[in-house]
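Undergrad: sequence unknown, structure follows:
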């Protein structure tokens with residue numbers, strides 16, 4: 001299988017030497033840009049980012065998956081564990097070393113996106129556009145500075161999508177276990193991916209109408225995922241005394257983002273929510289009168305999740321409003337996350353700029369990021385909405401199918417969008433879908449060019465549009481009768 005895939009890759013590059021030249025130029029440039037960013041642009045690791053880093057450092061130093069000296073399962077463990085072992089391998093626990101780990105992941109996502117684009121279309125514009133966009137997109141460069149799950153989840157999701165669309169190169173006995181392993185890694189990084197094997201079933205059904213293959217693939221992927229996740233679940237049971245598949249913060253997140261006091265659909269401090277006296281007493285008990293970190297309160301969600309679910313059932317209209325606000329906040333509310341998480345100490349840099357020039361420079365950079373995000377988000381939304389009727393028609397039909405490209409792009413967007421709709425929204429959460437939007441954008445650009453080419457060819461094949469009407473002339477015959485020539489179009 002590996003030999004066949006490598007041979008296919010070899011043959012592909014042999015027939016397209018220009019791609020090797022482009023890669024030889026773009027990849028080093030992309031690496032150098034990311035390296036310059038992490039070494040030059042200062043940022044403080046705040047909130048979740050600081051926790052991921054602290055846990056990774058503890059792992060690298062042999063202290064296990066702990067926080068403040070205690071076992072923790074507040075977040076998905078995938079990123080911190082991988083980073084922890086990377087730091088141990090490098091023999092250095094500095095933030096800069098952690099950011100180099102991010103650079104490696106970013107470059108991997110770049111390559112996966114390029115290969116997916118090549119699978120989707122033989123046109124150079126598609127794969128070259130995807131490569132260049134991912135290499136120099138500001139968000140892709142900036143997030144190498146944030147020590148968090150976003151950059152790993154994008155690398156894993158892009159790899160999973162490449163595996164899904166490589167059925168001609170990977171036999172089922174390899175493709176589905178590999179998809180299951182990647183889904184497990186995604187779930188251990190972002191726990192909401194635990195249900196993602198369903199997307200594998202949908203993909204096979206939508207594109208092949210092969211229910212047997214789809215069920216078999218989803219089942220194999222699910223079993224492999226469970227086997228990989230199970231040791232972590234057992235570890236959680238041993239430490240916290242109850243079944244926690246990956247993390248114990250889903251109930252907390254649901255409650256913080258869905259309550260009577262939330263107006264923006266995002267995170268809000270727990271103490272700003274007006275809880276019932278009974279629930280307030282339980283919260284105080286879980287947090288030991290403020291002596292315990294909320295990140296270590298493993299049973300807090302047992303009381304918060306039912307409260308959130310009850311509020312959603314009693315207020316479906318308000319919940320729907322918050323869901324729409326979350327979608328807007330994630331995809332159409334600008335790129336303030338880049339400023340907040342990847343360059344929040346930029347103003348401390350010693351430069352020759354005045355304060356006004358620095359602020360203008362930051363506003364300019366923010367504007368570029370906002371425009372890029374608006375173009376990608378708008379194109380992605382239009383593509384999704386345009387294909388949604390076709391998606392549902394194929395989903396509930398025994399015969400109708402949709403193109404595998406559309407299914408491959410729509411499923412992760414729909415799945416992630418549903419999670420955002422229910423739980424939490426902010427621009428940071430769009431990051432692991434940006435490469436999908438890039439693929440949508442380059443495919444759309446190619447279709448527009450193809451349509452323009454067909455239109456131009458159509459015009460060329462038409463008779464010339466300019467016509468000249470020969471004027472009717474009258475002449476007198478010898479008999480005195482007049483004769484005239486009929487008007488007829490003549491090529492001008």
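TA: Right, received. Where do you want to start? These numbers were taken from a predicted model, which means no experiment stands behind them.

Undergrad: give me the number of residues near residue 96?
TA: As a burial measure, residue 96 scores 9 neighbours (other C-beta atoms under 10 Å). Bear in mind the C-beta positions are built from the backbone N, C-alpha and C, glycine included.

Undergrad: and the one 3 residues further on, by the same measure?
TA: Counted with other C-beta under 10 Å, residues neighbouring residue 99 total 21.

Undergrad: got it, and the one 4 residues further on?
TA: The number of residues packed around residue 103, counting by other C-beta under 10 Å, is 20.

Undergrad: where does the nearest residue to it once chain neighbours are set aside land in three-state SS?
TA: Spatial nearest neighbour of residue 103, excluding adjacent residues (C-beta to C-beta, 6 or more residues apart in numbering): residue 34 at 4.6 Å. The assignment at residue 34 comes out as helix when based on DSSP: H, G, I helix; E, B strand; the rest coil.

Undergrad: tally up the residues packed near residue 34, please.
TA: With other C-beta under 10 Å as criterion, residue 34 counts 25.

Undergrad: and what of the one 10 residues further on?
TA: Neighbours of residue 44 under the rule other C-beta under 10 Å: 11.

Undergrad: need the pLDDT of it.
TA: For residue 44, the model assigns a pLDDT of 95.

Undergrad: is it true that it touches residue 346?
TA: No. Contact criterion C-beta atoms under 8 Å: residue 44 and residue 346 do not qualify, at 10.9 Å.

Undergrad: isn't residue 414 right next to residue 383, touching?
TA: No. Contact criterion C-beta under 8 Å: residue 414 and residue 383 do not qualify, at 11.7 Å.

Undergrad: of those two, which one has the most company?
TA: Set residue 414 next to residue 383 and count neighbours by other C-beta under 10 Å: residue 383 wins out with 21 against 15.

Undergrad: how near is that one to residue 443?
TA: 8 Å (C-beta to C-beta, to the nearest Å).

Undergrad: where along the stretch 1-150 of the chain do the strands fall?
TA: 66-67, 70-71 (DSSP state E, counting those that start in this stretch).

Undergrad: which one of those lies nearest to residue 410?
TA: strand 66-67 (37.4 Å; C-beta to C-beta).

Undergrad: list the neighbouring strands of the closest one plus their orientation.
TA: As defined by DSSP bridges, the strand partners of strand 66-67 come to strand 70-71 (antiparallel).

Undergrad: who touches the partner strand?
TA: 64-65, 239-240, 296 (C-beta atoms under 8 Å, 6 or more residues apart in numbering).

Undergrad: mind giving me the ChimeraX select for these, buried ones only?
TA: Selection of buried members from the contacts of strand 70-71 for ChimeraX, criterion 16 or more other C-beta atoms under 10 Å:
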select :65,296
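
Undergrad: mind checking which of the contacts of strand 70-71 are in helices?
TA: 239-240 (DSSP state H).

Undergrad: low-scoring stretches of the chain, by residue?
TA: 1-2, 5, 455-492 (pLDDT under 70).

Undergrad: can you do 90?
TA: 1-18, 166-174, 200, 204, 208-214, 289-291, 347-355, 398-399, 448-492 (pLDDT under 90).

Undergrad: can you pull up the most central residue in it?
TA: Central residue of the chain (C-alpha atoms, centre = their mean): residue 433, 1.3 Å from the mean position.

Undergrad: tell me the spacing between it and residue 41.
TA: 24 Å.

Undergrad: how about residue 81?
TA: If you go by C-beta to C-beta, the gap between residue 81 and residue 41 works out to 27 Å.

Undergrad: same check, this time on residue 34
TA: Note on residue 34: its distance to residue 41, by C-beta to C-beta, is 11 Å.

Undergrad: for residue 412, same thing?
TA: 29 Å.

Undergrad: with the contacts of strand 70-71 in mind, which one is nearest to residue 173?
TA: Using C-beta to C-beta, those come closest to residue 173 at residue 65, 32.9 Å.

Undergrad: next one: phi and psi at the closest one?
TA: Dihedral pair for residue 65: phi -80, psi 80, per degrees, to the nearest 10.

Undergrad: I'd say it and residue 55 touch.
TA: Yes. Taking C-beta under 8 Å as the definition, residue 65 is a contact partner of residue 55 at 6.2 Å.

Undergrad: list residues touching both of the two?
TA: Joint contacts of residue 65 and residue 55 (C-beta under 8 Å, 6+ apart) are 72, 80.

Undergrad: neighbour count: residue 412 and residue 41, which is higher?
TA: residue 412 (21 against 17).

Undergrad: correct me, but the more buried one touches residue 164?
TA: No. With contact defined as C-beta under 8 Å, residue 412 does not reach residue 164; the gap is 9.9 Å.

Undergrad: need the overlap of contacts for these two.
TA: With C-beta under 8 Å, 6+ apart, residue 412 and residue 164 have no common neighbours.

Undergrad: about what we covered before: how close does the residue nearest to the centre of the chain sit to residue 127?
TA: Taking C-beta to C-beta, one finds residue 433 at 19 Å from residue 127.

Undergrad: you'd agree residue 168 is in a helix?
TA: No. Per three-state DSSP, residue 168 lies outside any helix segment and is coil.

Undergrad: residue 203 against residue 213, yeah?
TA: No. Judged on C-beta under 8 Å, residue 203 makes no contact with residue 213 at a distance of 10.3 Å.

Undergrad: quick one: distance of the longest helix along the chain to the chain centre.
TA: In the chain, taking DSSP H as the definition, the longest helix is helix 355-395. On the basis of C-alpha atoms, centre = their mean, to the nearest Å, helix 355-395 sits 12 Å off its chain's mean C-alpha point.

Undergrad: now do stretch 107-125
TA: Per C-alpha atoms, centre = their mean, the centroid offset for stretch 107-125 relative to its chain is 15 Å.

Undergrad: show me what contacts the nearest residue to residue 120 once chain neighbours are set aside?
TA: Spatial nearest neighbour of residue 120, chain neighbours left out: residue 405 (5.0 Å); criterion: C-beta to C-beta, 6+ apart. By C-beta under 8 Å, 6+ apart, the contact list for residue 405 reads 120-121, 443.

Undergrad: quick one: secondary structure of residue 405?
TA: The local conformation at residue 405, judged by three-state DSSP, is helix.

Undergrad: just the one 10 residues further on next, same as before
TA: Using three-state DSSP as the criterion, the local structure at residue 415 reads helix.

Undergrad: hmm, it is touching residue 197, no?
TA: No. In this structure, residue 415 is not within contact of residue 197 by C-beta under 8 Å, at 11.1 Å.

Undergrad: more neighbours: those two, which one.
TA: Set side by side, residue 415 and residue 197 show more neighbours around residue 197, with 25 against 19, by other C-beta under 10 Å.

Undergrad: any idea which of the contacts of strand 70-71 is closest to residue 75?
TA: Of the contacts of strand 70-71, the one sitting nearest to residue 75 (C-beta to C-beta) turns out to be residue 65, at 10.2 Å.

Undergrad: quick one, what contacts that closest one?
TA: Residue 65 neighbours (C-beta under 8 Å, 6+ apart): 55, 58-59, 71-73, 77, 80-81, 235.

Undergrad: out of those residues, which two sit at the greatest distance?
TA: 58 and 235 (14.9 Å).
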